[in-house]
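[1] Sequence first, predicted coordinates after that:
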Amino acid sequence: MKMLIGGAWVDASSERTMDVVNPATWETIERVPLGGPEDGGAAVEAAGEALAGWAGQTSLDRGKVLYRTADLVRGEVDTLATTLVAEQGKPLREAKDEVRGFAHILEYYAGLASSLMGETLNTQAYGRIIVEKRPLGICVGIVPWNMPVLIAGWKIGPALLAGNTVVLKPASTTPLTTLAIGDLFCRAGLPAGALNIVTGPGETLGEALVTHPDVRKVSFTGEIGTGRHVAEAAAQTIKHVTLELGGSDPMIVCDDADLEAAVAGAVAGRFYNCGQTCTAVKRLFVFSSVADRFRALLTRKTEEIRVGNGMEAGVRMGPLNNAPGQERMRQVVEEIEGEGRILTGGKVPPGKGFFFEPTVVAGLAPDALSLREEVFGPVLPVVEVESLDEALQEANSTKYGLGASIWTKNLERAERGCRDLEAGIVWVNQHLKIPPEAPFGGTKWSGIGRENGRAALDRYTEERSILVRT
């Protein structure tokens, strides 16, 4: 498979390639170009050549291209989802949901096309003031491997609707579905160069894109260390930056909560996508008075999860995406065994694949490493608390602030959770789902800026004021 640059499918400037490996079988399923700085430069150049023509179209015409692409994506759900399972590892049902979610994002932004406008003000002192909303220019999107299709949509949809051109770099382990969707954009009539998709490592290709002087915005989703470097590099040429840097999301279960619903929410919120989701439930705080019952229900439901190849019927959790992720889960469990106790799971199943058992742990001290750092995999610590005050204090005691949820039937408690939880998104009696209408992003070290909603669209434009005296 080749890269998409300037509307053409091309190899990298070098002859080197990268293997894309099925995380469930360890088989190489495809090879893609190992692009470098020269390829990044070619993609930016192509985006620059397409910019005036794409930005010059009306927002309604740009919206029509998004609608047509979404329609093509929906027609290819089965094929795209099968590719996504093969490269990422998630179960087929989750993969189909992600592909449909991508189409939904494009449809949402296409629906905003008629509202993308500035304003005109008439003043006595200064005459007429016209405020235009203008595209930023060339935008770079750097996409992670955990939700490669959905997060690509978060970046592509608003950027293209606003009239920008885009260079997208998917993660090295999950480029295939994104490249296939790039072909659908071409078939939908997107002008050559308006969307370019290049493959290669972040240290070279990604660095070249982030530091390129012609790029006006970088939207990055990934871990904190890389995000900090992206911000520093982008600052050298005063680029706009959106950073979504992960989290350690708390879930608070009060003593008046519907425990059956809360357990179901915890299982789905932690083990969806093998726990490799930025807003997954990563720390669970439950009131002591209901903790024994909650842990028993949670352990039983966790043990019912069938783990296996995402293409097999009945599988609810696939493998981790890569070997470092699996090794990190081994290390996390080793650390926990010295601090608390494993209620279920904690092992690598025999055989091929980057699998890890869904794991529930208890008895951790508040300063345990797995309660302070992001654990990106299927390990869920359950911590007892005596009150909502204690739960909120512990929930907020990390550098992260991406998502959080509170489970209660008491409106006053729910309102307090929404007010006091330090997070960019707060759920009440639910967790994880993020519709495209809702702005998404974090506070504290979880990032800056927002994706989704009108907020994201605004961040792909800048205002220009024109003062006219007649």
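    Ah, there it is.
[2] Would you mind giving the secondary structure of residue 200?
    coil (DSSP: H, G, I helix; E, B strand; the rest coil).
[3] Could you tell me which residues make contact with it?
    12, 18, 33-36, 39-40, 169, 172, 206 (CB atoms under 8 Å, 6 or more residues apart in numbering). (C-beta placed from N, C-alpha, C; glycine too.)
[4] Residue 84 too?
    90, 95, 98-99, 148-149, 174, 176-177.
[5] now with 7 Å?
    The contact partners of residue 84, by CB atoms under 7 Å, 6 or more residues apart in numbering, come to 95, 98-99, 149, 177.
[6] Now a ChimeraX select for only the buried ones of those.
    Per 16 or more other CB atoms under 10 Å, the buried members of the contacts of residue 84 correspond to this ChimeraX selection:
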select :95,98,99,149,177
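[7] could the contacts of residue 84 go into TSV alongside secondary structure and distance to residue 2?
    Formatted as TSV, the contacts of residue 84 follow (DSSP: H, G, I helix; E, B strand; the rest coil; distance: CB to CB, whole Å):
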residue	secondary structure	distance to residue 2
95	helix	23
98	helix	24
99	helix	22
149	helix	19
177	helix	15
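[8] Look up the pLDDT of residue 14 for me, please.
    At residue 14, the predicted lDDT confidence score is 88.
[9] Count residues in the vicinity of it, would you?
    13 (other CB atoms under 10 Å).
[10] could we number from 252 for the rest of this?
    Understood, numbering begins at 252; the last thing we discussed is residue 265.
[11] doesn't residue 287 make contact with it?
    Yes - under the criterion of CB atoms under 7 Å, residue 265 makes contact with residue 287 at 6.2 Å.
[12] Could you check how far the residue positioned nearest the centre of the chain is from residue 644?
    In the chain, the residue lying closest to the centroid (CA atoms, centre = their mean) is residue 402, at 4.5 Å. Distance, residue 402 to residue 644, by CB to CB, to the nearest Å: 32 Å.
[13] Over to residue 495?
    Taking CB to CB, one finds residue 495 at 25 Å from residue 644.
[14] And these two? Which one has more around it.
    residue 495 (26 against 14).
[15] The more buried one: what's it in contact with?
    Per CB under 7 Å, 6+ apart, neighbours of residue 495: 472, 529, 692-693, 698, 702.
[16] So what pairs up with it in the strands?
    residue 472, residue 698 (DSSP bridges).
[17] ok, it to residue 509 distance?
    Taking CB to CB, one finds residue 495 at 31 Å from residue 509.
[18] and the contacts of residue 451, which of them are in helices?
    Taking DSSP state H as the definition of helices, the contacts of residue 451 contribute 290-291.
[19] Narrow the contacts of residue 451 to those in strands?
    269, 284, 420 (DSSP state E).
[20] Across the sheet, point out what pairs with the first one.
    Residues in a beta bridge with residue 269, per DSSP bridges, are residue 283.
[21] Can you verify my assumption that it contacts residue 423?
    Yes - the criterion here is CB under 7 Å, and residue 269 meets it with residue 423 at 5.6 Å.
[22] All the strands of the stretch 252-401 of the chain, residue numbers only.
    254-256, 259-261, 268-272, 279-284, 370-374, 378-386, 389-393 (DSSP state E, counting those that start in this stretch).
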